[in-house]
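J.: the following comprises the amino acid sequence and a computationally predicted model.
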Amino acid sequence: MNEEIAKEYISLIPNLFGNFSELNKDSVKLSHMQNHVIEFMYMQQRALNLKEISTGLGIAKQQLTNIISDLEAGGYLVKVPDTKDKRAVLVSLTPTGKEIEETKWTKIYQRFSENLTKLNDEEKLDLNFALHKVNALLKKMED
């Protein structure tokens, strides 16, 4: 049974990734890594220091420094001194940075909604139940 579950899980990954990649296509004009930084910061909903971003994304601070500089130059991020740690800076999204992320997710939602029109009502119920169940079970496995 475990082997069958593992095979289904592994086959789900490229399906989900491919589907999401298609939904996300042309929705952002940033590089892959710039998009990851903006998205991570958007999800955190607060100013972050470089170490938090580096750890959260699993990338080296040296690599992150250049990405942050480019995003700051593009008007997506702003850096301010950290009042608690004089050696550190806090990075936060500008209104432009927030807007690009909100626009991206709006486009993804619209494309996904269009794709749902290909399913009949029973298939939509099945998909909703299956997604809910997979999410619940994967969360349970994390605990």
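T.: Sure thing, it's come through. Residues are numbered from 1 along each chain as shown.
J.: ok, Asn24 - contacts?
T.: Residues counted as contacts of Asn24 (Cβ atoms under 8 Å, 6 or more residues apart in numbering) are Lys104, Ile108. Any C-beta I mention is one placed from the backbone N, CA and C, and that applies to glycine too.
J.: distance of it relative to Glu123?
T.: Distance, Asn24 to Glu123, by Cβ to Cβ, to the nearest Å: 23 Å.
J.: repeat that for Pro14.
T.: 21 Å.
J.: counting neighbours, what do you get for Glu52?
T.: 17 (other Cβ atoms under 10 Å).
J.: using the three-state scheme, assign it.
T.: State at Glu52, reduced to three classes by DSSP: H, G, I helix; E, B strand; the rest coil: helix.
J.: part of a strand, is Ser92?
T.: Yes: checked against three-state DSSP, Ser92 lies within a strand.
J.: can you tell me the closest non-neighbouring residue to it?
T.: Ala47 (4.0 Å; Cβ to Cβ, 6 or more residues apart in numbering).
J.: isn't the one you found up against Ala88?
T.: No: Ala47 is not in contact with Ala88 according to Cβ atoms under 8 Å; the separation is 10.8 Å.
J.: neighbour count: these two, which is higher?
T.: Taking other Cβ under 10 Å, Ala47 and Ala88 do not tie; Ala47 has more neighbours (17 against 14).
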